[in-house]
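Asks: would you be able to build a 3D model of this:
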Amino acid sequence: MAVIVFIVSLCGTMALGMPIAFALLFSGVALMLGLNMLDGRILAQQLIGGADNFPLMAIPFFLLVGELMNAGGISKRIVNFGLALVGHIRGGLGYVAIIASFIFAGLSGSAVADTAALCAIMVPMMGEIGYDKSRAAALIGASAIIAPIIPPSIPFIVFGAISGVSVIKLFMAGLFPGVLIAISLAIVWWYMARKLNVQTFPRKSFKEIVAATREASWALALPILIMVGIKFGVVTPTEAAAVAVGYTMFLCFVVYREITVKDFYHILITASKSTSIIMFLIASAMISAWMIAVANVPAAIGVWLEPLIDQPVILMIAINILVFIVGTAMDLTPTVLILTPMLMPIVTKAGIDPVYFGVVFILNNAIGLITPPVGTVLNAACGASKVSMDD
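Replies: Numbering: from 1, shown residues only. Below you'll find the model as predicted:
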């Protein structure tokens, strides 16, 4: 009964057009009413406690890094670095997009922010020399979903905070799949680019490549600093996020000198708005997550999946199909917030490694970012590139 109350209240409010954060809040209240335990004090306590989590402090810092990166000339230098390396190859700008997306992913951890920044810079450039703009935007969008997989992935931070799985282990485990996605995209783009009739850039001299590398080296050093610091226990993910902000501010104000104090004020406002949306979403979800645990919803779902508990491979396939379907209709963060407390007890009971599950789970959710009808990365790519979603 609790499962039905939760699903009907959540889907019903979303169908009416209610924002997901309020839909999650409402479904938590509906579960409280269904269990005859509505209490305003518990509601307030869970709402405040949901956001009062040390690992979640990394989110505003990494969002701020993304905003600083876009405004402070870092994005432009990373693109120029990619152009110097592969701009002369047929379809070279496609490879630049993949390389830049991978580097951006290691800086901000946000697929939407990376997409908006790269599309604004690269799609007009690609269109001018003969690339189809919609294909260029689609490539950048597909490359941007590397961001939720490699450090400093914001979805990993959210998943770790809810599930109790080590964020550091998730970061380390996500690195190879992220590299694999980038290589896979490059192979597919190579196959497609053979038939493209587009202009290529002149091959850069060794001196020009060194100059472009030197210009981008400050930015390229940041992901390495984050990874090394976390890997060797020098900093926690949250502390690494704070260090990343300080380092990025140093680049923007001292090294590149492309933003002013007035610009920084507006950057802070933008990052604060993004943070408030995500944190309220997480806080609202924590009420539902707590009620899901109290109502023993995982046990009810476990009964449905009981035949698969002893067959972890088939169980993972079933879970992946479920996540993929949900991901086409819901954004990544709400999906993680809703499904994690339901699925983790089942996964643990089946003996599946929680870190492995976390990486596969987030990767599958990331696919939903570029899948209609919701596809927030797809929407960001369309908006920044001025192309239609149908194209």
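Asks: helices or strands up against the helix or strand encompassing L339?
Replies: Applying DSSP states H and E as the criterion places L339 in helix 332-349. If you count contacts as 3 or more C-beta pairs under 8 Å, 6 or more residues apart in numbering; DSSP states H and E, helix 332-349 packs onto helix 20-34, helix 154-163, helix 261-294, helix 297-305, helix 312-329, helix 354-367. For glycine as for every other residue, the C-beta is placed from the backbone atoms N, C-alpha and C.
Asks: before we move on, what SS does L38 have?
Replies: Secondary structure assignment for L38 (DSSP: H, G, I helix; E, B strand; the rest coil): coil.
Asks: do you know the pLDDT at it?
Replies: Confidence at L38, expressed as pLDDT, is 76.
Asks: ok, now which ones touch the residue lying closest to it once chain neighbours are set aside?
Replies: Spatially, and ignoring its direct neighbours in sequence, L38 is nearest to M32 (4.5 Å; C-beta to C-beta, 6 or more residues apart in numbering). By C-beta atoms under 8 Å, 6 or more residues apart in numbering, the residues touching M32 are 38-39, 42-43, 291.
Asks: ditto for I145
Replies: I145 sits in contact with 111, 181, 366-367, 369-370, 377, where contact means C-beta under 8 Å, 6+ apart.
Asks: let's see which of the residues you listed end up in helices.
Replies: Among these, the residues falling in helices (DSSP state H) are 111, 181, 366-367, 377.
Asks: from those residues, which is closest to T328?
Replies: I367 (8.9 Å; C-beta to C-beta).
Asks: from A173, how far off is that closest one?
Replies: 18 Å (C-beta to C-beta, to the nearest Å).
Asks: number of residues surrounding L196?
Replies: L196 has 15 neighbours, counted by other C-beta atoms under 10 Å.
Asks: all further residue positions should be reported with the first residue as 171.
Replies: Let's use 171 as the start, then, which means that last one is L366.
Asks: and it, helix, strand or coil?
Replies: Reduced to three states by three-state DSSP, L366 is coil.
Asks: I'd assumed R260 was in contact with it.
Replies: Yes - between L366 and R260 there is a contact at 6.8 Å, judged by C-beta atoms under 8 Å.
Asks: ranking the helices and strands packed on helix 502-519 by burial, who's on top?
Replies: Among these, ranked by average contacts under mean count of other C-beta atoms under 10 Å, first place goes to helix 324-333 (a mean of 25).
Asks: counting by contacts, list what that helix packs against.
Replies: helix 228-241, helix 337-363, helix 431-464, helix 502-519, helix 524-537.
Asks: so L355 is in contact with S313, correct?
Replies: Yes - using C-beta under 8 Å, L355 is in contact with S313, at 5.8 Å.
Asks: neighbour count: these two, which is higher?
Replies: Neighbour totals were compared for L355 and S313, and S313 leads with 29 against 21 (other C-beta under 10 Å).
Asks: identify the residue nearest I522 in space, chain neighbours excluded?
Replies: P482 (5.2 Å).
Asks: who's in contact with that neighbour?
Replies: 520-522.
Asks: go through these and name the one nearest V473.
Replies: Using C-beta to C-beta, those come closest to V473 at A520, 13.8 Å.
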